Every structure is written in C-alpha cells, then in structure tokens.
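1. sequence first, then the predicted structure, then my questions.
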Amino acid sequence: MSNRAAFWVLVFMNIIWGGSYAVSKWVLNYIPPTFLAATRFLLGGILLLFFSEGKTFQISKKHWMDLTWVYGLGISLSFIAQYQGIKLTTALKASMEMTLEPLFVILLAISVLKEPLKLQTLFGLTMSVLGTVLLVFDGKSITQIWGELKNGGQILGDILMLFSIFLGSAYSIFSKPLTKKMGPIKSTAWGCILSSVMLLPLVALEIQSGCKFEFNTSVFASIFFLGVICTALGYALWNKILVGMPASEMAITLNIQPIAGVAIGMIFLGERIGLIGCLGGIIILVGIWMVPFSSV
C-alpha cells in the first residue's frame, strides 16, 4: 500500500472511530461497559482469526506474554476506563479529548524511544495541557468540580477518558515491534481475544451486581459496528500500516476523530459544550498544530 493510500485509509477509519463515541454512549444505556468492551473485542478477534496470516495457533511463549501485557493495558484497561468515562461525560467532550492522543504518542516516543524533545514540541504540549484544563473544567467552580469528582460526575468521566487515551497511546508505541514479529492480523486477533478473556471476571461482577441488560436490534447493530468495523477492520488496518509508517506520523490522522465525534454528538445526541470548553478545544488544536509532527 502506498503512503498516499495508507493516509486516506487512516482518514476513513478515524472518521469511523470518531462516530464510535456517540454509538458507545448510546448503547451503554442498555448494557454495562465491561460487557460491551469484552463482547466488542471477542467478536473482532474471532473474525480476524479467519484472515490471520501464517500458522494461526503457533505462538511462542514470549509472544503470548507480550500480547498479554500490551493488549491488557492498551485494550482491556483502556476500554474499561473509556466506557466508564463516556458514561459520565459527553460523547462530544470525549471526542475532543481524543485530540491529545497524538501528543501522548510523541511524549512516549520521547521517553521510551529516546527521541529528542524540541522547543516547539514543548510549547505545543503546554498549550494542549492548558486547553485540556479549560475543556474539562468548562468554567465550573471549585465546589462543582469537587462534587463531580466525589459523586461520579462529568469531570471524573473526563479524567477516566484521559487515562484511557494515555493507555491507547502506549499501545501504539509498544505494539509496533510485536506487530512486526507476528504480523498485523494475527497479533490483533489474539490480542483482542486475550483482552476479552481478561475482562471476563469483571463481566461476571457486572452480572452478579444486577447491572442493566436490555437487548434489541439496535443494540446488536451497535455491537456489530463496534466489533466488526471499529475493531476487526480498524485495528487490522492500523496495525498493518503501522509496520511501515512511523507511529508519530500516523498519530496526526487521529485529529480527525474529534471533528467527526463532535459533529455526530451534536447532531444525534443533542450534546452541547460551554464557551470556556469550546475555547479549551480550540487551544488544544492550536497546541497540536504547533507540534512539528513531520520531524518526530
């Protein structure tokens, strides 16, 4: 696949992923978050096994261990935090917060891969942190902030989203060598299945605690969209392109997600954001624009 073709594939998938926040927000009204994550990745993983390259079931002990910790942190724990966060905050804010993922990728590339930190990058990171503070707090008083943290309000949801985004960024960095060794489809398939297995104890707790489960045609369609389109197709394409393209360059296309997510959240969920929150989102985008991605 040429770089130009790979770029447009990434653009398309990030539009799809941007829409997944509104879909997840809606479907979480009917099923609990861990069950949704486990079902999504089990469905995606099993589907990918049919397209896996090489000897599907022949995996070394070292690769099993790498799959467990990379996907355990980057998928299982990340999506538990993401879905819990989306339940508390809005799909619109969650989409805007996704603009920080490219910066997290760069920070990890600097700290893990020992790439140099440029002054322009530092300035962009500072701007984005400031924008995030404005977006998350959105003009709320100290009393409101403390109340939401204590009682499980929007700000707690925002913090969980940021934690999830950081874990997802770590996945982008640490999955690259594993993808090169195992192949993009095979590593993604088994990683997704392992993630689902690791989530099963928490799913059992949700069932035991009497969490709400309501199934209808729209719920099944949403799970199909998240499992087949967003997971199986999306992760396979991402990992396939990751083999031949720097993670930091791919991360630029992640900025398409908030545009799609905000539009879908406003149109289909009727969500809105305050003036200060909008200002924070703009500052985040300015900060990202300041970062010299092409030279990372």
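-> Thanks, I have it. Not measured: the values here are computed from a predicted model.

2. in the stretch 101-250 of the chain, which spans are strands?
-> Counting by DSSP state E, counting those that start in this stretch, the stretch 101-250 of the chain has no strands at all.

3. now do the helices in it.
-> 101-112, 119-137, 142-151, 154-182, 184-208, 217-224, 234-242, 247-250 (DSSP state H, counting those that start in this stretch).

4. so residue 34 makes contact with residue 81?
-> No. Residue 34 is not in contact with residue 81 according to Cβ atoms under 8 Å; the separation is 10.9 Å. Placement of C-beta: from N, CA and C, glycine included.

5. OK, contacts around residue 277?
-> 93, 96, 134, 135, 138, 139 (Cβ atoms under 8 Å, 6 or more residues apart in numbering).

6. show me the contacts for residue 185.
-> With Cβ under 8 Å, 6+ apart, residue 185 has these contacts: 48, 51, 52, 53, 236, 239, 240.

7. nearest to residue 2, out of the helices of the stretch 101-250 of the chain?
-> When the helices of the stretch 101-250 of the chain are compared by Cβ to Cβ, helix 234-242 sits nearest residue 2, at 10.9 Å.

8. now that closest one and helix 184-208, what's the angle there?
-> 150 degrees (axes from the mean of the first three to the mean of the last three Cα atoms, to 10 degrees).

9. distance from the chain centre to helix 234-242, please.
-> 14 Å (Cα atoms, centre = their mean, to the nearest Å).

10. residue 74: which of the helices of the stretch 101-250 of the chain is closest?
-> Among the helices of the stretch 101-250 of the chain, helix 154-182 sits nearest to residue 74 (Cβ to Cβ), with 2.6 Å.

11. how many degrees apart are that closest one and helix 234-242 in direction?
-> Going by the same axes, to 10 degrees, helix 154-182 makes 50 degrees with helix 234-242.

12. list the buried residues of helix 154-182.
-> 154-176, 178-179, 182 (16 or more other Cβ atoms under 10 Å).

13. repeat for stretch 4-16
-> Buried, per 16+ other Cβ under 10 Å, within stretch 4-16: 6, 7, 9, 10, 13, 14, 15, 16.

14. filter the contacts of residue 277 to the buried ones?
-> 93, 96, 134, 135, 138.

15. I'd say residue 231 and residue 39 touch.
-> No. With contacts counted by Cβ under 8 Å, residue 231 stays clear of residue 39, the gap being 10.3 Å.

16. who's more crowded, the two?
-> A direct count of neighbours by other Cβ atoms under 10 Å for residue 231 and residue 39 places residue 231 higher, at 25 against 17.

17. now for the more buried one: which residues touch it?
-> 40, 41, 43, 44, 45, 192.

18. do the same with residue 260
-> 14, 15, 16, 17, 18, 19, 95.

19. farthest-separated two in these?
-> 16 and 95 (12.8 Å).

20. can you tell me the helix or strand for residue 267?
-> Element membership of residue 267, judged by DSSP states H and E, is helix 256-268.

21. and the helix or strand that that helix is followed by, what's buried?
-> On the C-terminal side of helix 256-268, the nearest following helix or strand under DSSP H and E is helix 275-290. Buried residues in helix 275-290, counted by 16+ other Cβ under 10 Å: 277, 279, 280, 281, 283, 284, 285, 287, 288, 290.

22. could you do stretch 200-216 as well?
-> For stretch 200-216, by 16+ other Cβ under 10 Å, it's 202, 203, 206.

23. hang on, the last one packs against residue 36?
-> Pointing back at residue 206 there. No. In this structure, residue 206 is not within contact of residue 36 by Cβ under 8 Å, at 9.9 Å.

24. look up the pLDDT of residue 153 for me, please.
-> Residue 153 carries a pLDDT value of 75.

25. looking only at pLDDT, what's the mean for stretch 27-40?
-> On average, stretch 27-40 scores 94.
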